[in-house]
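Q: Provided below are the primary sequence and the corresponding predicted coordinates.
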Amino acid sequence: MLRPAHIGHLAMLRSLIRDGAREGGFPPELAWDSAESVRFFGELKQALKSGYFVVEDRDSGEMRTVAVPGYVYWANEMSGNEPPVGFGLFRAAPGGGYELWLAGLEGALRGRGHGRTMLSALFDTPTGKDTRYVRVRRASRYADAVATLLEQHGFTATRETLQETYFVRAMPVEPGTRR
């Protein structure tokens, strides 16, 4: 079950991101209190509060806002008072659509089908249906499993760097919308 992410979920997201960073799924500097993690979690807090990042455009130097919708995931329909066990955050991509920017799942639930269920639910949201990009850290021990799940949702690995594999999902072009 998914619900929109909000500022009240920050502690859970921080915990899962730090655990994921220690396992190679996120940049290693996010695993502990570093200047990079303080900045990152400050920006994440702002995004959860307002739904937006404020970033500097690399080309123009102008400040602009970037939409950052997200969801938290419970492993069953009866969430009750239990905290969520996973999350997915999207960010608006230049040129339209979204990138699945961050996603994580509690370690104890991995390998039992919850990642597949959570990704399916995320990609079934309006934002998820408009998602065109995903990057996966190559150092993650789950990188191959995530790649397989992404392929099942129409994503294709298009580029590899030392750190990441880039996946793209072709989106259908509506007649008359080409420029």
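A: Looks like it came in fine.
Q: which pLDDT value goes with the most centrally placed residue in the chain?
A: In the chain, the centroid-proximal residue (Cα atoms, centre = their mean) is Leu102; its distance is 2.3 Å. Looking at Leu102, its pLDDT reads 93.
Q: contacting residues for Phe53?
A: Residues in contact with Phe53 (Cβ atoms under 8 Å, 6 or more residues apart in numbering) are 43, 46-47, 65-66, 68, 91. For every residue, glycine as well, the C-beta is placed using N, CA and C.
Q: specify the beta-bridge partners of the closest residue in space to Glu43 that isn't next to it in sequence.
A: Distances taken as Cβ to Cβ, 6 or more residues apart in numbering put Phe53 closest to Glu43, at 5.9 Å, once the chain neighbours are dropped. Beta bridges link Phe53 to Val66, judged by DSSP bridges.
Q: and Val55, how far from Val68?
A: According to Cβ to Cβ, to the nearest Å, Val55 stands 10 Å off from Val68.
Q: tell me how far Asp144 lies from Ser120.
A: 18 Å.
Q: please identify the buried residues of the lowest-mean-pLDDT helix or strand in the chain?
A: Ranking every helix and strand in the chain by mean pLDDT, DSSP states H and E puts strand 52-56 at the bottom, with a mean of 84. By 16 or more other Cβ atoms under 10 Å, the buried positions in strand 52-56 come out as 52-53.
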